[in-house]
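[1] The sequence and its predicted three-dimensional model are supplied below.
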Amino acid sequence: MLKMIRTTLSLLLFFSFSYSHAVEIYSVLTNKCDLARGLIIDINEEHLAFIDLDGTYKVIPRDSIEFLVIHNTLENPFLGLNLNEGTKAQLLNIYVNNSDEILFTGWAVKFIEDLVIFYDIKGNSHVLELKRITKIRPSDIKKSGPIKIKGEKAELRMGNIFFKCAQLEDSLNQSKKAILPTRTLGDKVQISEFLSNFEVGFQKLRSYQERTYLYARPFLYERKTKLGFTSYNDYFQNPKSVFPFYYQWSTGEAYRFQSFNQLGNVPNEYVPSPEPFFLARSDVKTHVFHATFVGNLSSLPAGTDFYTEQIETIDKELLRPKNKILTAPSLNYLALMGGDYGPWSLSFGTYYPTYMVRYYNKEQNIDEFREILASKVSPMFRIMYTTKNLKLRGVYSKTSYSEASQPNDKQISRDTDVSVIGFLRAFDFESQFIRAGAEYQLTDRIQVGLDQIILTSEYNEATVSGYLNQFGFDHFVTTGFIRHWFGEKVTLRLYVNYFQIEEKADVNDFKDSESLSDFGLGGAFEFVF
C-alpha cells in the first residue's frame, strides 16, 4: 500500500512538472564529501554512471554514498553535455509506432512502473510507456566533445543534512530562489532501495531492448478475435468441407510471449494447396524461438488417409467431365520450430503429406485410385522476412516414400474395403514443392498478397499381375488475395487461384496425359468480436 501511494505521488509530482524541459535531478554526497549533481544514466551492483550538471561523466561507487537528495526542476538545468566514451556508451536511439525514423536520441534517467523517462541530447524530457517503444538501438552518433543546449542554470539547496562538508556550507549560503529538495535520503537502507529500483528499471529496459532485436514487429500476429465464413465457387484439390467457417484468436503482449490460433475451414500459407481445409493451427513466439503447427482435422494422426474416405465426393466435385486424371496434395500435419533475429525467421520441421492419384477411363475400363499415405516423415524448411508492412516467405519440402517388397495399407490406400496386400508388389513415390509468397499492407484498410506454388511428383508401382503403372503430375498454382476492412467489425477477403496442372498416366499398359488451366474464386467474411 505504501509503495502504491509513493508511486502515485511520484507520478503526480512528475506530471505536474511535465513540460518538455522538466527533469528530476539527483544530488549525491559521498563519504569523502564529493558532491555530484545530475542524472543517473546507468547502474550496477557497484557503481552509478552519472552525468553532472556541468555535462561531465562520472562514476560513483554505490557504497560511498552518504546522502541522496532529489530535486524537481521546471526548466532544463543543463547548459551543455559532454559526449565521450562514457556518456555515448549509454546513449540510445528511440523509435515508436513501427517507424524507421528516430524519435530522439537520449538516456533513460527514471523509471516509474511501466513508464520510462528519457533525457535527450537537446535537453528535452520524454515520458514513454515501454510498450509504445517499438525499437531501441545504441546510438551511432559520431560527434564527441562538448555540445551546447538551451538551459537555465539552477541553484539546488541540499536541505538539513548533518554532515560536515564545505559543499554543504556553500549550499546553505545560496539565495532564497534556490530549489528545495523534494526528498532527502540519508539512510543506507533507503538509498539502497532507491538505487535498486533504478537497477531493476535498467535491467527491464535492456531486456526489452534485446527483445526488439528478436521480433520483426511488436506483435507478429493478428490481434483481434474473429469468426469467418468461407465460400469457393470451384475446388480443384480439396473436397469441400461441410463446415464453411473458422474461428481465430490470439494472446500475448508486445515483444513477449505471443500466440495465434485458428480452427475451422480456412486456407493455409505453408501447404502446397491454396484451397481451404478443416484445420487446427497454432503459432507461438517467445524471445528468439517460434513454433508452428498445422493439422488437418479430417486426417489426424500421421499416416491417416484423407482422400480414401471421400472417393464418391471427389468423383462428384473434382473429377470433371473432360478430365480422366485427378491428382492432389494434402497433409496430416506439419510442425515447425526455429529462431528469429530482426526481420529474419528460419524454421525447420516435420511434414506428413498425403497425395492422391485418380484415373478413370470408361472406354478403357480403367478405374484406379491411390492415396499415398505419410508412412514416414518429410523434412520442411521455411524462411520469412517481415517488416512493418511487408512479409515475404518461402517454404520447401521433399518427400520420398518407397517399398521394394509387398507394400501394406499403411503406405498405400486403394479403397476403404480393398487392401493393397496381394495387389501391389512394390512402389516408389517422389515429390517436392516450393511455395513463395508476399503480403503487403497497402493502407490501414487494404492488404494484398500473392503466392506461387510449384509441386512436382511421380508415382510408380508394380502390381502382382505384372503391370508397371506410373503417374506423374506437375502443379503450378498462382494465388492472390485482397483484404478490405469495413470499419472495425467486418473484413472481406477475396481469393483468386489460377491452376496450371500437367498430368500423365500409364496404367495397365495404356498411356494418357492431360492439361488443366482454370481459375478458382473464393472469399471469406470475417466478423470481429
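    Alright, I've got the coordinates.
[2] hey, where'd the strands end up in the stretch 151-300 of the chain?
    Counting by DSSP state E, counting those that start in this stretch, the stretch 151-300 of the chain has strands at residues 183-185, 226-232, 245-252, 258-266, 277-286, 289-296.
[3] let me fix that: the stretch 301-450 of the chain
    325-341, 344-361, 366-372, 378-386, 390-403, 412-413, 424-441, 446-463.
[4] need those in JSON lines with distance to Leu492 and mean neighbour count, can you?
    C-beta here means a position set from N, CA and C on the backbone, and glycine is covered the same way. Listed next are those as JSON lines, based on distance: least, Cβ to Cβ, whole Å; neighbours: other Cβ atoms under 10 Å:
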{"stretch": "strand 325-341", "distance to Leu492": "27", "mean neighbour count": "21"}
{"stretch": "strand 344-361", "distance to Leu492": "28", "mean neighbour count": "21"}
{"stretch": "strand 366-372", "distance to Leu492": "35", "mean neighbour count": "19"}
{"stretch": "strand 378-386", "distance to Leu492": "24", "mean neighbour count": "18"}
{"stretch": "strand 390-403", "distance to Leu492": "20", "mean neighbour count": "18"}
{"stretch": "strand 412-413", "distance to Leu492": "39", "mean neighbour count": "24"}
{"stretch": "strand 424-441", "distance to Leu492": "16", "mean neighbour count": "18"}
{"stretch": "strand 446-463", "distance to Leu492": "11", "mean neighbour count": "18"}
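[5] quick revisit: just so I know, which of the strands of the stretch 151-300 of the chain lies nearest Leu336?
    strand 289-296 (4.3 Å; Cβ to Cβ).
[6] does Glu526 have beta-bridge partners, and which?
    Beta-bridge pairing for Glu526 (DSSP bridges): Gly228, Thr491.
[7] mind showing which ranges of this protein have poor pLDDT?
    1-20, 162-163, 166-176, 321-322 (pLDDT under 70).
[8] quick check: domain ranges of it?
    Taking automatic domain parsing as the criterion, the chain consists of the domains 2-214, 281-484+494-520.
[9] Quick one: closest of these to Gln258.
    Nearest of these (Cβ to Cβ): domain 281-484+494-520, 4.7 Å.
[10] Now do Ser298 against Asp417, distance only.
    19 Å (Cβ to Cβ, to the nearest Å).
[11] neighbour-wise, which of those two wins?
    The residue with more neighbours, out of Ser298 and Asp417, is Ser298; 21 against 5, by other Cβ atoms under 10 Å.
[12] Kindly provide the distance from that one to Ser378.
    Following Cβ to Cβ, the distance that separates Ser298 from Ser378 is 19 Å.
[13] before we move on, what about Lys226?
    From Lys226 to Ser378 the distance is 32 Å (Cβ to Cβ).
[14] contacting residues for the residue lying closest to Ser273 once chain neighbours are set aside?
    Setting aside the residues directly before and after it, Ser273 is nearest to Gln237 in space (Cβ to Cβ, 6 or more residues apart in numbering), at 4.7 Å. Under the criterion of Cβ atoms under 8 Å, 6 or more residues apart in numbering, the neighbours of Gln237 are Ser273, Glu275, Leu318, Ala328, Pro329, Ser330.
[15] possible to save the residues you listed as JSON lines with distance to Ile149?
    Shown next, in JSON lines, are those (distance: Cβ to Cβ, whole Å):
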{"residue": "Ser273", "distance to Ile149": "61"}
{"residue": "Glu275", "distance to Ile149": "62"}
{"residue": "Leu318", "distance to Ile149": "72"}
{"residue": "Ala328", "distance to Ile149": "68"}
{"residue": "Pro329", "distance to Ile149": "64"}
{"residue": "Ser330", "distance to Ile149": "65"}
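[16] with those in mind, which one is nearest to Val507?
    Among these, and counting by Cβ to Cβ, the member closest to Val507 is Ala328, at 17.5 Å.
[17] Please name the bridge partners of the closest one.
    Assigned bridge partners for Ala328, using DSSP bridges, are Met356.
[18] Please tell me I have it right and it contacts Tyr307.
    Yes - in this structure, Ala328 is within contact of Tyr307 by Cβ atoms under 8 Å, at 7.2 Å.
[19] Bridge partners for the residue lying closest to Val266 once chain neighbours are set aside, pull those for me.
    Sequence neighbours aside, Tyr246 is the residue nearest to Val266 in space, at 4.1 Å (criterion: Cβ to Cβ, 6+ apart). On the basis of DSSP bridges, Tyr246 takes part in beta bridges with Gly228, Gly264.
[20] now Tyr26
    Bridge pairing for Tyr26 - DSSP bridges - gives Gly38, Ile70.
[21] Kindly provide the distance from the residue lying closest to Lys224 once chain neighbours are set aside to Trp485.
    Spatially, and ignoring its direct neighbours in sequence, Lys224 is nearest to Val528 (4.9 Å; Cβ to Cβ, 6+ apart). Distance from Val528 to Trp485, counting by Cβ to Cβ: 9 Å.
[22] Mind listing the shared neighbours of the two?
    Thr491.
[23] Contacts only, for Phe219.
    Per Cβ under 8 Å, 6+ apart, neighbours of Phe219: Ser250, Gly252, Glu253, Ala254, Gln258.
[24] ah, wrong one, I meant Ser375
    Gly303, Tyr401, Lys410, Gln411 are the contacts of Ser375 under Cβ under 8 Å, 6+ apart.
[25] ok, the residue nearest to Lys224 touching Lys489?
    Yes - the criterion here is Cβ under 8 Å, and Val528 meets it with Lys489 at 4.9 Å.
[26] my guess is Asp315 contacts Tyr360, does it?
    Yes - with contact defined as Cβ under 8 Å, Asp315 counts as touching Tyr360 (7.3 Å).
[27] re the thing from before, do you know which of the strands of the stretch 301-450 of the chain lies nearest Glu269?
    Of all the strands of the stretch 301-450 of the chain, strand 424-441 comes closest under Cβ to Cβ, at 5.9 Å.
[28] and that closest one with strand 446-463, angle?
    170 degrees (axes from the mean of the first three to the mean of the last three Cα atoms, to 10 degrees).
[29] Measure how strand 424-441 sits relative to strand 325-341, angle-wise.
    50 degrees.
[30] Contacts only, for Phe236.
    Counting by Cβ under 8 Å, 6+ apart, Phe236 has contacts Glu275, Leu318, Ala328, Asn497, Phe499, Ile501, Leu516, Asp518, Gly520.
[31] Correction: the previous question concerned Gln432.
    Tyr396, Ser397, Lys398, Thr399, Leu455, Thr456, Ser457.
[32] Just the closest of the residues you listed to Ser207, please.
    Tyr396 (34.7 Å).
[33] give the contact list for the closest one.
    Applying Cβ under 8 Å, 6+ apart to Tyr396 gives the contacts Met380, Phe381, Arg382, Gln432, Phe433, Ile434, Arg435.
[34] quick one: the last one and Tyr270 touch, right?
    Yep, that's Arg435 we're talking about. Yes - using Cβ under 8 Å, Arg435 makes contact with Tyr270 at a distance of 7.2 Å.
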